[in-house]
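Chemist: using only what follows, build the 3D model:
(chains A and B)
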Amino acid sequence: MATMVTSTRTVTAKTTGSGPKRPGPNGNGRNGHSHFEPDANANRYRVGMWVALASISMLFTALSSAYIVRAGSSNDWVSIAMPKVLLLSTALILVSSITLEVSRRNLKSAAFSGYGRWLLITMFLGLGFLASQLLAWKQLARQGVYLVSNPHSSFFYLLTAVHAVHLICGLLALIFLWVRSRFKKELKVTPRGQAVADAVTIYWHFMDALWIYLFLLLFLWR
Amino acid sequence: MSGETHEGVHRHPAPTGFIRKYIFSLDHKVIGIQYIILALAAVLVGMTMSLLMRLKLSWPDHGWSLLGALFPGGAPNGVMNPEFYLSLVTMHGTIMVFFVLTTAPQGGFGNYFLPIQIGAEDMAFPLLNMMSFWVTLVGFVVILAAIFFSGAESTVGPIGGWTGYAPLSALGAIAGPGQGMGMNLWIISIAIFCVGSLLGALNFITTLLNMRTKGMSLMRMPLTCWAWFTTAVLALLSFPVLLGGGILLLLDRVAGTSFFIPGGLYVSGVLSGSTANFPLHTGGSPILWQHLFWFFGHPEVYIAILPGMGATSHILATFARKPVFGYRAMVFAIFAIGLLGFFVWGHHMFISGMSPYSAIAFSVLTLSIGVPSAVKTFNWLGTLWGGRIRFTCAMLFALGFVSLFVAGGISGLILGQSSLDLAMHDTYIVPAHFHLVMGVASIFGMFAALYFWFPKMFGRYMNETIGKFHFWVTFIGVYCIFVPMHVMGLVGMPRRYSQFTEYEFLHGLHPLVLFVSISAIITITVQLVFYFNVIWSIFKGAKAPDNAWDATTLEWNTASPPPHDNFAGILPTVYHGPYEFAVPGAPNDFVMQTDAAVEVPSGNGHNGHQH
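Modeler: Numbering: from 1, shown residues only, chains lettered A, B, ... in the order given. Presented below is the predicted three-dimensional model:
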């Protein structure tokens, strides 16, 4: 049986060759920290959030492409008029992104009271956004425009609802952060606490941008 | 979790309560085994259904008294109804694809071995990991519920195939047996499964990117890790599309929207809009569902098979005692397959009336997947070439994987050409193709993985004699089942028909149908031997040392089974690539990734062997 070892070459480390650079003993795998220490690998919260956002993007990409195909492939499409209250929604969520960013920066510079206060303001702005979306649904319903009325209204109710579900998850995360900032104060100062707050902020900004995108899609593409 | 300090080492003992340790466990190893048990249970259900289908196809008018007693509606006097058969087709496909081929390779083995192989103590988000399993289990319970609450006496679930094509799936109970509650449960189950898989995929990706130990650079990872990672990326990007499509489909059914239902439908003697239980629909596009479904569906087949490819590469190298031939090429081939997998969904829809120009584009892209697939096959053969092969059960199944992948892949080149597919679509050549290449090949990958990692998971070897019997009967059996199906397809036998007695041109094929059924009955029976081997070996198998196969990667560097925190508090440091077999001058013929003392010659590629 032929074997791989055909000679007994002296074993020396070569530095030439076309292969990848050899990592040193403490090379690119980055940590070697115990996972059970809470602050190790804190970056995983941010990485995990970006990965989750990729997935959420695909959900809305799928729904958008269905929207575009459905709009283009039939003659039963009746555009609905934009409920004016959506402008209020848009303003509220834009401002909430700013307040959450202020809050996050407060945490970064260890201004904890500001952190909690701006979190609370963001939560109310988020609730305001949801209320405003509900008003928009009510306005449409008063005009007799329901989920099944026509494809455009179907997509309007669907996309706003799916976005709202995601935003409610964001709100729950904000409540979690706020409760923790009140009752488990020591967690705020750790790298892990910062990473979690960063991840929630990234999510909230994404929901903001997503709403702007949906708003433009629903009322410019019709 | 608290760490107890013992001579400067942080150990993390497992939780002691039964529920936290074995049921709602956060330990990726326990969760991995839970996934494997789920798959082993689901595959029994799916396999039983395929057995019933074979009975119907071969002896369409025979009364099976047991069946008649169990399903008086679906099989009066034991003779199966066509609807009964069609619901079997649907449930077999759904359970096998989602709850076996997606859960075992990725959720099962990936969960257990990805963190160990990269030198992590657990997944990045253990709580999320636990949730992903329990969500998946709920999905399984819901799909089982569809068997018993299908809303029709005559079926064991919805009728629609695993693809659930609209408008049939979108209309509701009016469209016929199984289209009521059964179809609702089917959609809900798939949606729940999507959520569970997404949580899992998120965890896999973050863990691999963020939790590797010292020295574990990307190009030092075992190929299994690359395969699980790519699979997770595919799942992360394709399951949301199915979820979105599922939401639209459910709205069409329960809310009366018209995403997929065209106008003017006349179903079961009722015109759309003329009665309350069949509301007015206009303008929907059934093709839209096909696009959304197959945009998910094609990556899904790679979700099923990529982990098998990773395990095969890993096992071939270990038992040929040679480095994987062309490690980097293997990594890029995995990527290429994953990437191309997103651009070929149209080849499932050649007869949907798509423009021939789109068909050509999809066709060319489809055939180009042959290139990375051939790279992989070539490199597997290159790995075997000149090796000192140890024919263990794991090795046999890995070799079987290569064989089945090639045999099933060849017909992919035929079906991928739109002009040929127009004739062959919906004939038996399609099930023949995909069962060989994504069904049985993936299962062989998992068999190989189980025989290979069993000593690590339970500290005991599986019985090799029983294993070899299991391998040879299964290997010959699956070829006997699926090769004749190619012939049936070429003759023109349509898939998803419950019996062929009415079609004179197919009468000549009946001996072949019988042959396939008898092969299937034998092959399925032998799987019981496999189940016996698993259970028997857990308790009575030969004791295995920590490094059961003279292998090199990190999982062989810890106890069998590994402690709760995988490495008993000391994370390993990695000095070498994953496949340092037949190393010139090394004390053994292999160098473990953690061996600091041995200097491995560097140079060409990762491993330092001159080709």
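Chemist: where does the chain have low pLDDT?
Modeler: Defaulting to chain A. Along chain A, the parts satisfying pLDDT under 70 run over A:1-40, A:185-188, A:222.
Chemist: oops, chain B please
Modeler: Scanning chain B for pLDDT under 70 picks out B:1-12, B:598-611.
Chemist: go again using 80 as the cut-off
Modeler: B:1-14, B:16, B:597-611 (pLDDT under 80).
Chemist: tell me where it has strands.
Modeler: B:4-6, B:9-11, B:266-267, B:270-271 (DSSP state E).
Chemist: report all helices and strands that the third one contacts.
Modeler: Using 3 or more C-beta pairs under 8 Å, 6 or more residues apart in numbering or on different chains; DSSP states H and E, no helix or strand is in contact with strand B:266-267. For the C-beta atoms, the positions are set from N, CA and C on the backbone; glycine is no exception.
Chemist: parallel or antiparallel, list what pairs with that strand.
Modeler: Paired strands of strand B:266-267, with direction, are strand B:270-271 (antiparallel) (DSSP bridges).
Chemist: chain center to the strand it pairs with: distance?
Modeler: 41 Å (C-alpha atoms, centre = their mean, to the nearest Å).
Chemist: what of stretch B:369-382?
Modeler: The chain centre lies 20 Å from the centre of stretch B:369-382; the measure is C-alpha atoms, centre = their mean.
Chemist: what residues of it count as buried?
Modeler: Across stretch B:369-382, burial judged by 16 or more other C-beta atoms under 10 Å in any protein chain shown covers B:369, B:370, B:372, B:373, B:375, B:376, B:377, B:379, B:380, B:382.
Chemist: the closest residue to chain A within the stretch 351-500 of chain B: neighbouring residues, count only.
Modeler: Proximity of the stretch 351-500 of chain B to chain A (C-beta to the nearest C-beta) peaks at residue B:386, 4.4 Å away. Neighbour count of residue B:386, defined by other C-beta atoms under 10 Å in any protein chain shown: 15.
Chemist: doesn't residue B:321 make contact with it?
Modeler: No: assessed by C-beta atoms under 8 Å, residue B:386 is found out of contact with residue B:321, at 10.1 Å.
Chemist: do you know how far the most centrally placed residue in chain B is from chain A?
Modeler: Geometric centre of chain B, nearest residue: residue B:101, 1.9 Å, by C-alpha atoms, centre = their mean. According to C-beta to the nearest C-beta, to the nearest Å, residue B:101 stands 21 Å off from chain A.
Chemist: and the nearest residue to residue B:135 once chain neighbours are set aside, how many residues sit next to it?
Modeler: Distances taken as C-beta to C-beta, 6 or more residues apart in numbering or on different chains place residue B:196 nearest to residue B:135, at 3.6 Å, with adjacent residues excluded. As a burial measure, residue B:196 scores 24 neighbours (other C-beta under 10 Å).
Chemist: flag every buried residue along stretch B:350-363.
Modeler: Buried residues in stretch B:350-363 (16+ other C-beta under 10 Å): B:350, B:354, B:359, B:362, B:363.
Chemist: any residues touching that stretch, and which ones?
Modeler: B:287, B:290, B:343-347, B:416-418, B:421-422, B:425-426 (C-beta atoms under 8 Å, 6 or more residues apart in numbering or on different chains).
Chemist: can you flag which of those residues belong to helices?
Modeler: Within those, residues falling in helices by DSSP state H are B:287, B:290, B:418, B:421, B:422.
Chemist: distance check, the first one against chain A.
Modeler: As for residue B:287, its distance to chain A is 8 Å (criterion: C-beta to the nearest C-beta).
Chemist: and stretch B:147-159, C-alpha only, in CSV?
Modeler: These are the backbone C-alpha positions of stretch B:147-159, laid out as CSV (Å, rounded to 0.1, in the frame of the first residue of the first chain):
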residue,chain,number,x,y,z
ILE,B,147,-52.1,14.1,10.6
PHE,B,148,-54.9,13.8,13.1
PHE,B,149,-56.8,17.0,12.6
SER,B,150,-56.6,17.4,8.9
GLY,B,151,-60.3,18.2,8.7
ALA,B,152,-61.0,15.3,6.4
GLU,B,153,-61.7,11.7,7.2
SER,B,154,-59.9,10.4,4.2
THR,B,155,-56.5,11.9,4.6
VAL,B,156,-53.6,11.9,7.1
GLY,B,157,-52.8,15.6,6.6
PRO,B,158,-53.0,18.2,3.8
ILE,B,159,-52.6,17.4,0.1
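Chemist: distance between it and the chain's centre?
Modeler: 25 Å.
Chemist: which helix is the longest one in chain A?
Modeler: Ordering each helix of chain A by length in residues (DSSP H) puts helix A:151-183 first.
Chemist: does any part of that helix sit near chain B?
Modeler: Yes: using C-beta under 8 Å from any C-beta of the partner chain, we find that helix A:151-183 touches chain B at A:151, A:154, A:158, A:162.
Chemist: what's the closest non-adjacent residue to the last one?
Modeler: Okay, so that is residue A:162. residue A:63 (6.9 Å).
Chemist: enumerate every residue touching the one you found.
Modeler: If you count contacts by C-beta under 8 Å, 6+ apart, then residue A:63 has A:155, A:158, A:159, A:162, B:244, B:247, B:248 around it.
Chemist: how about whichever strand or helix holds residue A:219: buried residues?
Modeler: Assigned by DSSP states H and E, residue A:219 belongs to helix A:191-220. Neighbour counts over helix A:191-220 (16+ other C-beta under 10 Å) mark A:192-208, A:210-211, A:214-215, A:217-219 as buried.
Chemist: from the middle of its chain, how far away would that helix be?
Modeler: 5 Å.
Chemist: other SSEs contacting it?
Modeler: With 3+ C-beta pairs under 8 Å, 6+ apart as the test, helix A:191-220 has helix A:43-72, helix A:85-108, helix A:112-142, helix A:151-183 packed against it.
Chemist: any chance of TSV for these, columns distance to residue B:530?
Modeler: Converted to TSV, these look like this (distance: least, C-beta to C-beta, whole Å):
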stretch	distance to residue B:530
helix A:43-72	35
helix A:85-108	54
helix A:112-142	53
helix A:151-183	43
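Chemist: quick one on the thing from earlier: so can I have TSV of the buried residues of stretch B:369-382 showing distance to residue B:565?
Modeler: Below are the buried residues of stretch B:369-382 laid out as TSV (distance: C-beta to C-beta, whole Å):
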residue	distance to residue B:565
B:369	40
B:370	44
B:372	37
B:373	39
B:375	38
B:376	35
B:377	39
B:379	35
B:380	35
B:382	38
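Chemist: re the thing from before, need the buried residues of stretch B:350-363 in CSV (columns: distance to residue B:42).
Modeler: Below are the buried residues of stretch B:350-363 laid out as CSV (distance: C-beta to C-beta, whole Å):
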residue, distance to residue B:42
B:350, 31
B:354, 34
B:359, 35
B:362, 32
B:363, 34
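Chemist: in helices, which of those fall?
Modeler: Reading helices off those with DSSP H, I get B:359, B:362, B:363.
Chemist: in space, what's closest to the last one - neighbours in sequence excluded?
Modeler: Distances taken as C-beta to C-beta, 6+ apart place residue B:418 nearest to residue B:363, at 4.9 Å, with adjacent residues excluded.
Chemist: tell me the contacts of the one you found?
Modeler: B:347, B:350, B:356, B:359, B:360, B:362, B:363.
Chemist: for residue B:495, same thing?
Modeler: Residues near residue B:495 by C-beta under 8 Å, 6+ apart: B:426, B:427, B:428, B:430, B:431.
Chemist: buried ones from those residues, can you make that a PyMOL selection?
Modeler: The following PyMOL line selects those of the contacts of residue B:495 that are buried, judged by 16+ other C-beta under 10 Å:
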select buried, chain B and resi 427+428+430+431
